[in-house]
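J.: Curious how this folds, go ahead:
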Amino acid sequence: MSEKLRMAQYGTKHGHAQGVLQVMLDHPEVEVVGVYEPDSHRRKQLEGAGDGAWGQVKWVDSPSEFLDDPTVVAVSSEGSNRESLGFTEEIVEAGKHVFYDKPAGDDYQRFERVVELARRQGTFLQMGYMFRKHDGFERIANWARSGFLGHIFQVRAHMSTWIPEKNPEGIHTGREGLAHHRGGVMYDLGGHMLDQVVWILGRPNRVTGFLQHATSGTPGVMDNTLGVFEYDGAIATVDIAAMEPRPMARRFEVYGTRGSAIMEPFEPADTIRLTLEKRQGEYKQGVNIVKIEDRPRYVGTFAEFVRNIRGKSDPLRSLDHELLVQETLMRVTGDLDG
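T.: Got it, this is the predicted structure:
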């Protein structure tokens, strides 16, 4: 095996921070050189717990310890939603590749500048949308993009969740934290579904967001949300709430003139209901129940990031796609004109 890639993590307050760090630690071609958390109280909390991935890493006192180290080639950006764009900007300015957990901040123009710097430098910037290597989403997108399902006229995505009212200690992932962002739970989770929607349909002509404060005790948090995305000949809808009872009925549906594909739930992945007007290839006319693999989060997308750095593959999504997802998210939350 060639020499390991030296990587680091900047921030710990993202909801996926520990999971991504564990994937980095487990990857046989990666050496994690350190983790930096600017909040001293949060760092002490994690050092004191000493469990899971947090107990397997070296904590550093300044991001310069890896940003100024030419042997460190990449950094994961795992700050909270309100701080991660600043972290990512520092990482890219240091000339490092970045695995950037969603979403890409509240300032679209700033994110655009960061992406353009990465483009000029030739550094990889991969957003942490975790369904790009999901077996079901990959199959459905391939069917939709190839014409297998005919003209796609409707996409529906439901990705509700249950989020605690109060923020867990040290992080802003409760409904209190969501209240900081105009789009609430749509801002936090909508990018996962929009990553799939715009991959299939492209840039919507018109975006309309419905953001509602429904049941939460936290004042002003948008906890019940819907986005409508209009195209020439198609409409997509994404609905996300913060208080759906568990286990959540997460569902993704694509309808075309030659067939449809429905996946529920998509976590844990199990089957797709594929309906075809006529027999195509291995699939019969009518209803096909297609068994799919339940893959772990982050593993496939991070492994692809490593292959990109080594020159063994092209990115799963272009920088233009990363910009389009964020622009569409900002349009539906009202942070950009729709």
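J.: Can you report how many residues neighbour Asp337?
T.: 7 (other Cβ atoms under 10 Å). Any C-beta I mention is one placed from the backbone N, CA and C, and that applies to glycine too.
J.: That one against Gly209, yeah?
T.: No: in this structure, Asp337 is not within contact of Gly209 by Cβ atoms under 8 Å, at 11.6 Å.
J.: Common neighbours of the two, please.
T.: Arg331 (Cβ atoms under 8 Å, 6 or more residues apart in numbering).
J.: Contacts only, for Leu284.
T.: In this structure residue 284 is Lys, not Leu. Contacts of Lys284 (Cβ under 8 Å, 6+ apart): Leu276.
J.: The spatially most central residue of the chain in helix, strand or coil?
T.: Centroid-nearest residue in the chain, with Cα atoms, centre = their mean: Tyr129, separated by 2.3 Å. Look at Tyr129: counting by DSSP: H, G, I helix; E, B strand; the rest coil, its state is coil.
J.: Count the residues that sit near the residue nearest to it when sequence neighbours are not counted.
T.: Among residues not flanking Tyr129 along the chain, Asp195 sits closest, at 4.2 Å (Cβ to Cβ, 6 or more residues apart in numbering). Neighbours of Asp195 under the rule other Cβ under 10 Å: 25.
J.: Let me know the pLDDT of Asp195.
T.: Reported pLDDT at Asp195 in the predicted model: 98.
J.: for the strand or helix carrying it, the distance to its chain's centre please.
T.: Under the criterion of DSSP states H and E, Asp195 resides in helix 184-201. With Cα atoms, centre = their mean, to the nearest Å as the basis, helix 184-201 stands 8 Å off its chain's centre.
J.: From the contact counts, what lies against it?
T.: Helices and strands touching helix 184-201, by 3 or more Cβ pairs under 8 Å, 6 or more residues apart in numbering; DSSP states H and E, are helix 135-146, strand 152-158, helix 175-178, strand 206-212, strand 224-231, strand 234-241, strand 251-256, helix 319-333.
J.: repeat that for 6 Å
T.: Judged by 3 or more Cβ pairs under 6 Å, 6 or more residues apart in numbering; DSSP states H and E, helix 184-201 is in contact with helix 135-146, helix 175-178, strand 224-231, strand 234-241, helix 319-333.
J.: Show me what it is in contact with.
T.: 102-103, 129, 137, 141, 144, 155, 157, 159, 178, 181, 221-223, 225, 231, 234, 236, 238, 240, 242, 324-325, 328-329, 333 (Cβ atoms under 6 Å, 6 or more residues apart in numbering).
J.: And stretch 264-274, by the same measure?
T.: 136, 250-252, 261-263, 288-292, 294.
J.: For Gln22, state which of these is nearest.
T.: Closest to Gln22 out of the contacts of stretch 264-274 is Asp294 (17.8 Å), distances taken as Cβ to Cβ.
J.: got TSV for the helices and strands packed on helix 184-201, with distance to Lys166, mean neighbour count and mean pLDDT too?
T.: Below are the helices and strands packed on helix 184-201 laid out as TSV (distance: least, Cβ to Cβ, whole Å; neighbours: other Cβ atoms under 10 Å; pLDDT from 0 to 100):
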stretch	distance to Lys166	mean neighbour count	mean pLDDT
helix 135-146	32	19	98
helix 175-178	6	22	97
strand 224-231	19	21	98
strand 234-241	18	22	99
helix 319-333	23	22	98
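J.: Make JSON lines from the ones you listed and add distance to Pro204 to it.
T.: Output for the helices and strands packed on helix 184-201, formatted as JSON lines (distance: least, Cβ to Cβ, whole Å):
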{"stretch": "helix 135-146", "distance to Pro204": "15"}
{"stretch": "helix 175-178", "distance to Pro204": "24"}
{"stretch": "strand 224-231", "distance to Pro204": "4"}
{"stretch": "strand 234-241", "distance to Pro204": "7"}
{"stretch": "helix 319-333", "distance to Pro204": "6"}
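J.: Met24 in helix, strand or coil?
T.: Going by three-state DSSP: Met24 is helix.
J.: shouldn't it be in contact with Gly34?
T.: No: Met24 lies out of contact with Gly34 (Cβ atoms under 6 Å); the separation is 11.4 Å.
J.: More neighbours: these two, which one.
T.: A direct count of neighbours by other Cβ under 10 Å for Met24 and Gly34 places Met24 higher, at 25 against 21.
J.: Mind pulling up the pLDDT for the more buried one?
T.: 98.
J.: okay, the angle between the helix holding Asp195 and strand 234-241?
T.: In terms of direction (axes from the mean of the first three to the mean of the last three Cα atoms, to 10 degrees), helix 184-201 departs from strand 234-241 by 150 degrees.
J.: between helix 184-201 and helix 135-146, how many degrees?
T.: Going by the same axes, to 10 degrees, helix 184-201 makes 50 degrees with helix 135-146.
J.: mind giving me the domain ranges of this structure?
T.: 5-129+299-317, 135-294 (automatic domain parsing).
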